[in-house]
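J.: Kindly generate the corresponding structure for this input.
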Amino acid sequence: MAGLAGLSVLPASAQDDIATAPPAPGDYLVFAGGEDRTTPLTPDSLVPNAGQVQAWPVDPATDTVRNGTLYNLLVLTRWDPAVLSPEGQEYAAEGVVAQTAICTHAACEVTDWIADSFHMECPCHFSRFDPRQNGAVIQGPATRKLPALALAMEDGRIVVKAPFDGRVGGDTA
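T.: Down below sits the predicted model:
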């Protein structure tokens, strides 16, 4: 155990509880896919205006990735702050904005990127959302915006500043 000094070891049930808890203030973010899923994200981790990336929040006290529920999956985009709506600017950290990856229509993952309009699209029923306008619905059938997380910078990394600003999940059964 000498090589594990400083690591927090929790019972499996406690780690499960942390992994399924919603993003909380102070959580840092990591990529949800690819090879590097442990390095905290910084604004330089994202290319401006280049589309969305998926990320998970991580509890800083235990380094537990909050990936125990898809409702914690985030989509991040980076922008020149001048193109963000006033509300988007309030939620952004150096131009990076975060919304839930779960569509507010039927709870599918919002995975598609429409490059010519800079919109995110749900492939299930084709609802479109504008990350520059804090996740506003551009095209239905979704009627609610994507809930957003307010972000901040802490020690050079992107962290959660406040919980989601709305209910995560779909409106249809």
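J.: So for the chain, the centremost residue is which one?
T.: The C-alpha lying nearest the average C-alpha coordinate of the chain belongs to L74 (C-alpha atoms, centre = their mean; 2.4 Å).
J.: what ranges do the helices span in the chain?
T.: When assigned using DSSP state H, the helices of the chain occupy the ranges 12-20, 86-91.
J.: buried set for the last one?
T.: When burial is assessed from 16 or more other C-beta atoms under 10 Å, helix 86-91 yields the following buried residues: 87-89, 91. Backbone N, C-alpha and C define where each C-beta goes, glycine included.
J.: List the contacts of the residue nearest to the centre of the chain.
T.: Going by C-beta atoms under 8 Å, 6 or more residues apart in numbering, L74 touches 23, 29, 32, 54-57, 98-101, 149.
J.: Could you identify which of the helices of the chain has the lowest mean pLDDT?
T.: Across those, helix 12-20 has the smallest mean pLDDT, namely a mean of 75.
J.: in the sheet, who's paired with the residue nearest to the centre of the chain?
T.: Going by DSSP bridges, L74 is paired in beta bridges with A55, T100.
J.: Report the separation between it and T172.
T.: Here L74 is placed at a distance of 22 Å from T172 (C-beta to C-beta, to the nearest Å).
J.: Same check on P23?
T.: For P23, the distance to T172 (C-beta to C-beta) stands at 24 Å.
J.: got the end-to-end distance for stretch 40-56?
T.: Stretch 40-56 has an end-to-end distance of 10 Å (criterion: C-alpha to C-alpha, to the nearest Å).
J.: Residues contacting that stretch, please?
T.: So stretch 40-56 is contacted by 28-33, 37, 39, 58, 65-67, 72-80, 93-96, 98, 101, 113, 115, 118, 120, 131, 153, 156-158 (C-beta under 8 Å, 6+ apart).
J.: So P131 sits against T77, correct?
T.: Yes - assessed by C-beta atoms under 8 Å, P131 is found in contact with T77 at 4.5 Å.
J.: how much space between Q133 and T62?
T.: The spacing between Q133 and T62, counted by C-beta to C-beta, is 34 Å.
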